[in-house]
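Student: got a structure for you, letters missing:
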Ligand code: LLP
């Protein structure tokens, strides 16, 4: 988790900065990112997977500073749109260390990728093959990977499982579907296939599905070798590494993952008579999730016959994850010493006009929680701001980086003027 220290009760500091000070200075709701924690997590990945390429999955969260930190720590980048790609490259991120994904890449996505010289494009559908080959042109050359589906169910919620044959991404290995499409890639001289890719899902907390994926992908590599004499030098196992959102929850053991994937890959390749390909991994959540904290100000407290509701100044517009995936958080009161009363079972809700706008159901908060109090929601760095909307015309929160006792605004709050400026007709 973000490197939080607590010198006095209620005075929670991250990166050496008291969060209450950040709230006063930048307003709420606000997102705080611990730069040292992000960098530490990048380094941990490099150390844990020393002979693999680690690509940070930008969809978890991206701003220019984040791209810079990831670059400086020696990771590559996984992007899924021209927007993510352009932002990274304009920060100076080397395009050859970027991989472009997407099940429905727009002409602009592909043009941008080719113009900026992205390292790999991951083919996701049969129709993309001819389209990409045409965009590259007869004299061009582009490294590609192909996303295959190993038929594995893994991940924290049904909506973020992508390893099964019944979801929209990739080419199922089943029934020779992927193999058939790969033969068509090999027919295109300007596309240079470097390896297979799969992404099983997100918030996976067990190593096992990754090992099954290794076996199935090496099985396909072996059939491709028999059919075409093809030896693929790369294997990308995607991301999905699970983290703990609340105390006591289990995160995926990255050391065990690295060790057992390596062993499985070595064994499967030896059995198939293939050289061991270079491994790629694409963590998003596990790099940035625990480094972020959401800050809210309490606006209203309501003791109904059924429940105690604490309503804050943000909600599903800055964090849609409880509503979408039923994720549970552990918010805490900060900035003041709580009273001595026993904690009360509380439901923390947002400000939006729907009953499903719940940030944390049935959590323990001080019984004297009152308007004006500050709540911090830890583990809010991944898929929060990147999924935020302006629902109810509430502007998206700012992002503040903290480091060595200093707070720095990286992304400013979306103002009502920003929102109104898009409304150009009457
Ligand atoms: N690689 C690919 C191809 C992906 O599609 C994803 C995530 C990742 C890597 C990174 O996965 P991670 O390591 O972050 O789990 N909005 C959802 C998560 C959606 C993940 C989409 N793809 C959430 O808030 O939980």
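Tutor: Sure, I can see it. Just so we're clear, the structure is a prediction, and the values are computed from it rather than from any experiment.

Student: buried residues in stretch 131-142?
Tutor: 132, 133, 135, 136, 142 (16 or more other Cβ atoms under 10 Å). (Each C-beta comes from the backbone N, C-alpha and C, glycine too.)

Student: which residues of the stretch 51-200 of the chain lie near the ligand?
Tutor: 57, 59, 60, 78, 101, 160, 199 (Cβ under 6 Å from any ligand atom).

Student: 5 Å instead, please
Tutor: Where the stretch 51-200 of the chain comes near the ligand, counting by Cβ under 5 Å from any ligand atom, the residues are 57, 60, 101, 160, 199.

Student: what's the pLDDT at the residue most central in space within the chain?
Tutor: Closest residue to the average C-alpha location of the chain: residue 60 at 2.7 Å, with Cα atoms, centre = their mean. For residue 60, the model assigns a pLDDT of 98.

Student: which intervals of the stretch 201-350 of the chain have sub-threshold pLDDT?
Tutor: For the stretch 201-350 of the chain, no stretch is flagged by pLDDT under 70.

Student: one step back: quick one: which of the buried residues of stretch 131-142 is nearest the ligand?
Tutor: Distance to the ligand, by Cβ to the nearest ligand atom, is smallest for residue 132 among these, at 17.2 Å.

Student: from residue 145, how far off is that closest one?
Tutor: 12 Å (Cβ to Cβ, to the nearest Å).

Student: which neighbours do the two have in common?
Tutor: Common contacts of residue 132 and residue 145 (Cβ atoms under 8 Å, 6 or more residues apart in numbering): 121, 123.

Student: count the neighbours of the residue of the stretch 1-150 of the chain found nearest the ligand for me.
Tutor: With Cβ to the nearest ligand atom as the measure, residue 57 is the residue of the stretch 1-150 of the chain nearest to the ligand, at 3.4 Å. Using other Cβ atoms under 10 Å, residue 57 has 29 neighbouring residues.

Student: from residue 303, how far out is it?
Tutor: 42 Å.

Student: what helices or strands is the helix or strand encompassing residue 179 leaning on?
Tutor: Taking DSSP states H and E as the criterion, residue 179 maps to helix 177-186. Applying 3 or more Cβ pairs under 8 Å, 6 or more residues apart in numbering; DSSP states H and E, we find helix 177-186 packed against helix 126-136, strand 142-149, strand 171-172, strand 191-197, helix 208-228.

Student: picking up where we left off before, ok, now how distant is the residue lying closest to the residue nearest to the centre of the chain once chain neighbours are set aside from the ligand?
Tutor: Spatial nearest neighbour of residue 60, chain neighbours left out: residue 284 (3.2 Å); criterion: Cβ to Cβ, 6 or more residues apart in numbering. Relative to the ligand, residue 284 is positioned 3 Å away (Cβ to the nearest ligand atom, to the nearest Å).

Student: now do the same contact list for residue 284.
Tutor: Each residue near residue 284 by Cβ under 8 Å, 6+ apart is listed here: 56, 57, 58, 59, 60, 61, 78, 202, 239, 382, 383.

Student: report pLDDT for the closest residue to residue 415 other than its chain neighbours.
Tutor: Take residue 415 and drop its neighbours on the chain: the residue closest to it by Cβ to Cβ, 6+ apart is residue 395, 5.7 Å away. pLDDT for residue 395: 97.

Student: same question for the one 5 residues further on.
Tutor: The confidence metric pLDDT takes the value 98 at residue 400.

Student: surely it and residue 32 touch.
Tutor: Yes - if you go by Cβ atoms under 8 Å, residue 400 and residue 32 touch, sitting 5.2 Å apart.

Student: now the residues of the stretch 51-200 of the chain next to the ligand in a markdown table, with secondary structure?
Tutor: Formatted as a markdown table, those follow (DSSP: H, G, I helix; E, B strand; the rest coil):
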| residue | secondary structure |
| --- | --- |
| 57 | strand |
| 60 | helix |
| 101 | coil |
| 160 | helix |
| 199 | coil |
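
Student: need the three-state assignment for the closest residue to the ligand within the stretch 101-250 of the chain.
Tutor: The minimum distance from the stretch 101-250 of the chain to the ligand, using Cβ to the nearest ligand atom, falls at residue 239 (2.8 Å). Classification of residue 239 using three-state DSSP returns coil.

Student: how many other residues sit next to it?
Tutor: 24.

Student: show me what contacts it?
Tutor: 57, 78, 199, 202, 281, 282, 283, 284, 285, 286.

Student: one more: residue 156?
Tutor: Contacts of residue 156 (Cβ under 8 Å, 6+ apart): 201, 202, 203, 204, 205, 242, 325, 327.

Student: restrict those residues to contacts with the ligand.
Tutor: residue 202.

Student: in TSV: the contacts of residue 156, plus neighbour count.
Tutor: Output for the contacts of residue 156, formatted as TSV (neighbours: other Cβ atoms under 10 Å):
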residue	neighbour count
201	24
202	26
203	24
204	25
205	17
242	22
325	17
327	19
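
Student: tell me the one of the contacts of residue 156 nearest residue 84?
Tutor: Nearest to residue 84 among those, counting by Cβ to Cβ, is residue 202 at 16.9 Å.

Student: the closest one touches residue 158, doesn't it?
Tutor: No - at 11.3 Å, residue 202 does not count as touching residue 158 under the criterion of Cβ under 8 Å.

Student: residue 55 against residue 79, yeah?
Tutor: No - assessed by Cβ under 8 Å, residue 55 is found out of contact with residue 79, at 9.2 Å.

Student: next, count neighbours for residue 353.
Tutor: Neighbours around residue 353, by other Cβ under 10 Å: 9.

Student: just checking, it touches residue 392?
Tutor: Yes - in this structure, residue 353 is within contact of residue 392 by Cβ under 8 Å, at 6.0 Å.

Student: residue contacts, the residue lying closest to residue 141 once chain neighbours are set aside?
Tutor: Spatially, and ignoring its direct neighbours in sequence, residue 141 is nearest to residue 190 (5.6 Å; Cβ to Cβ, 6+ apart). For residue 190, the contact set (Cβ under 8 Å, 6+ apart) comprises 133, 136, 137, 138, 139, 140, 141, 142.

Student: kindly report the same for residue 117.
Tutor: Shown in contact with residue 117 (Cβ under 8 Å, 6+ apart): 95, 96.

Student: go on, the one 3 residues further on?
Tutor: For residue 120, the contacting residues are 98, 99, 100, 143, 144, 145, 194, taking Cβ under 8 Å, 6+ apart as the criterion.
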